[in-house]
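Participant: quick check, what structure comes out for this input:
(2 chains)
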Amino acid sequence: MAVNVDVNKCCYCGGCVSICKYDAITLKETVLTIDNNKCIECNLCVEVCPAGALFTAEKEEI
Amino acid sequence: MEKYDTVVIGGGPAGSIAARTIAEKGFKVLLLEKRQEFGRPVRCAEGVSKKWLEKYTDIKDKWISRPIKGAILKSPGGKKALMQYNESDRGYILDRSVFDFDLAVEASESGATVRTKNRVERIERNKDSFKIYIEGFNKYIVESKTIIAADGVEGKIPRMLGINTILDPGDIEFGLNYQLEGVDINQDYIEMIGGNELAPGGYVWIFPKGEHSANVGLGVLASRSTKEKNAKYFLDKFVSKRFPEASISKVVAGAVTVAKPLKKMYGNSFLIVGDSARLSNPLTGAGIGNALESGALAGETISKALEKNDFSENNFKEYQKKVMKSVGNTSKKFYHIKEAFIKFSDKDIDDMITLLSQVDPEKLNLKKLLTITFKNNKEIISLLKKIVF
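Facilitator: Now for the predicted structure:
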């Protein structure tokens, strides 16, 4: 599994960036990226995203 | 390579005021904003009190969506209390896109170089200066004696400089706000509604935006948000019930820190300001005033340091002291009040609003509100007595 972002839902509030303990999320202008090498899939960001823009999916699907 | 006395990273209110303050003294300042435009996209519910705006700006009509006379506080059970602001603590609902843009322009007019769509990739510390790697349309490097980190909630500049700013899920609210059109509300008052079913660990706000428009939003404490029941779930539920006919003209999401201010918002040759220093009010989530104040104090501190050519950590301790004295200690107090408040049941909130509704609206202020709210809680009251009054 891996954390993904639905770009149509993301409102770039940056909240996920500020709670990620693994420094895996970066917000560049209006593009959110998740570094799969750093992400440990704790899914905290998925739970808290105010817009429901983050989701987990099988790695193969990406 | 371009050389600067200070590079301010982040073009929100804190960064712009800091850049303006230093540029006014004649120093060479670069103000960087990673987004395409100052002030956009807006990530704020846009409320601010008059006293902060007056202190640092010449208030312009075009910044103001609505002047505010007071607040209506509501409980989940439908109890209501009115808080009438006195002349000195009147508020405004701003248009942040215009406000932030103008503040950046003021920094520029004072002599600062301002650039949008310029993002800091990396910072390298040398003996007497920083090398700052910037990505704009081109990649380039600038050299600066000092840095001000004004990069907001999600900012990573403090981390690059060795200060850990990662937040606990109990210390951050995830907010969602819709600008609604076609709403019929009292345009002179803001409305705040508490309730665990409405906004767990946060509150619903209705901020008038003029005509038949309003900012309607809420914050949910991150530790109480779930994938199914997130801020959007709660806001959609509230809006469909309260304003079924309204249409959404703008969606704004924003994370609001409800943390204690950073224990250390300075270091050798750098300072941290505003949301980046976790300075927004942990009870209300208000952050613009504290951003302006810390930005100005950082500007003064850096200017003095540049005059003396002393950028040592020891010399910058003074900034922390000043910030804590003016806004930080109050924030710390509000943090403890927030910690108590989020434990309230819906019945507690009903009881609290019932008690508040018996107070003369002209005399109801935050201090009174807190005394009444926590009157049965001796522990909180003794804490309040010690720290608030």
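
Participant: contacts only, for B:Ile22.
Facilitator: B:5-6, B:8, B:29, B:112, B:299, B:302-303, B:306 (C-beta atoms under 8 Å, 6 or more residues apart in numbering or on different chains). Glycine gets a C-beta too; all of them are placed from N, C-alpha and C.

Participant: export the residues you listed as a markdown table, with columns for pLDDT.
Facilitator: Shown next, in a markdown table, are the contacts of B:Ile22 (pLDDT from 0 to 100):
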| residue | pLDDT |
| --- | --- |
| B:Asp5 | 98 |
| B:Thr6 | 98 |
| B:Val8 | 98 |
| B:Val29 | 98 |
| B:Ala112 | 98 |
| B:Gly299 | 98 |
| B:Ile302 | 98 |
| B:Ser303 | 98 |
| B:Leu306 | 98 |
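
Participant: ranking the residues you listed by neighbours, who comes first?
Facilitator: Counting neighbours by other C-beta atoms under 10 Å in any protein chain shown, the top entry in the contacts of B:Ile22 is B:Val8, with 37 neighbours.

Participant: doesn't it lie inside a strand?
Facilitator: Yes. Looking at B:Val8 with DSSP: H, G, I helix; E, B strand; the rest coil, it is inside a strand.

Participant: these two touch, right, B:Tyr92 and B:Ile68?
Facilitator: Yes. Judged on C-beta atoms under 8 Å, B:Tyr92 makes contact with B:Ile68 at a distance of 6.3 Å.

Participant: mind listing the shared neighbours of those two?
Facilitator: Shared between the contact lists of B:Tyr92 and B:Ile68 (criterion: C-beta under 8 Å, 6+ apart) are residues B:Gly47.

Participant: before we move on, the earlier item: just the contacts of B:Ile22: which are in helices?
Facilitator: Assignment to helices by DSSP state H places the following of the contacts of B:Ile22 there: B:299, B:302-303, B:306.

Participant: pick the one among these closest to B:Ser269.
Facilitator: Top of the list for closeness to B:Ser269, among these and by C-beta to C-beta, is B:Ile302 at 9.4 Å.

Participant: got phi/psi on B:Ile172?
Facilitator: Here the main-chain torsion angles of B:Ile172 (degrees, to the nearest 10) amount to phi -140, psi 130.

Participant: for chain A, just list every one of the helices.
Facilitator: Assigned by DSSP H, chain A shows helices spanning A:15-19, A:44-48.

Participant: kindly report the residues of the stretch 151-300 of chain B close to chain A.
Facilitator: B:152-154, B:156, B:159, B:165-169, B:172, B:174-176, B:220, B:222, B:225-227, B:230-233, B:251-255, B:257 (C-beta under 8 Å from any C-beta of the partner chain).

Participant: okay, and for the chain, where does confidence drop off?
Facilitator: Unless you meant another one, I'm taking chain A. Residues of chain A that meet the criterion pLDDT under 70 lie in A:59-62.

Participant: other chain: chain B
Facilitator: B:374-389.

Participant: in it, which residue is closest to the centre?
Facilitator: Nearest residue to the geometric centre of chain B (C-alpha atoms, centre = their mean): B:Gly287, 1.8 Å.

Participant: excluding sequence neighbours, find me the nearest residue to that residue.
Facilitator: Nearest residue to B:Gly287, sequence neighbours excluded (C-beta to C-beta, 6 or more residues apart in numbering or on different chains): B:Ser280, at 3.2 Å.

Participant: report the separation between that neighbour and B:Asn290.
Facilitator: Distance, B:Ser280 to B:Asn290, by C-beta to C-beta, to the nearest Å: 6 Å.

Participant: common neighbours of these two, please.
Facilitator: Joint contacts of B:Ser280 and B:Asn290 (C-beta under 8 Å, 6+ apart) are B:Ser331.

Participant: which residues does residue 19 contact?
Facilitator: As the question left the chain open, I've gone with chain A. Contacts of A:Ile19 (C-beta under 8 Å, 6+ apart): A:44-45, A:48, B:166-169, B:172, B:222.

Participant: please refer instead to chain B.
Facilitator: Contacts for B:Ala19 (C-beta under 8 Å, 6+ apart) come out as B:6, B:8, B:29, B:31, B:107, B:110, B:112, B:114, B:148, B:299.

Participant: the residue nearest to the centre of chain B touches B:Arg278, doesn't it?
Facilitator: No. Checked against C-beta under 8 Å, the pair B:Gly287 and B:Arg278 is beyond contact range at 9.7 Å.

Participant: give me the common contacts of those two.
Facilitator: Common neighbours of B:Gly287 and B:Arg278 (criterion: C-beta under 8 Å, 6+ apart): B:Thr257.

Participant: quick one: which helix or strand includes B:Lys322?
Facilitator: Element membership for B:Lys322 (DSSP states H and E) is helix B:313-323.

Participant: what helices or strands is the helix or strand following that helix leaning on?
Facilitator: Counting by DSSP H and E, the element after helix B:313-323 in chain order, helix or strand, is helix B:329-341. Judged by 3 or more C-beta pairs under 8 Å, 6 or more residues apart in numbering or on different chains; DSSP states H and E, helix B:329-341 is in contact with helix B:378-387.

Participant: can you rerun that using 10 Å?
Facilitator: Under the contact definition 3 or more C-beta pairs under 10 Å, 6 or more residues apart in numbering or on different chains; DSSP states H and E, helix B:329-341 sits against helix B:346-357, helix B:366-373, helix B:378-387.

Participant: what's the distance between B:Val256 and B:Ala286?
Facilitator: Between B:Val256 and B:Ala286 the computed distance is 9 Å (C-beta to C-beta).

Participant: neighbour count: the two, which is higher?
Facilitator: B:Val256 (25 against 20).

Participant: partner residues bridging the more buried one?
Facilitator: Beta-bridge partners recorded for B:Val256 (DSSP bridges): B:Glu173.

Participant: OK, contacts around the residue nearest to B:Gly287?
Facilitator: Listed by C-beta atoms under 10 Å, 6 or more residues apart in numbering or on different chains, the contact partners of B:Ser280 are B:153, B:173, B:256-259, B:261, B:274, B:286-291, B:327, B:331, B:334.

Participant: look up how far chain A lies from it.
Facilitator: Taking C-beta to the nearest C-beta, to the nearest Å as the measure, B:Ser280 falls 12 Å from chain A.

Participant: make sure that residue is indeed in a strand.
Facilitator: No. Assignment of B:Ser280 by three-state DSSP gives coil, placing it outside any strand.

Participant: which phi and psi does it have?
Facilitator: The phi/psi pair for B:Ser280 (degrees, to the nearest 10) is phi -70, psi 160.
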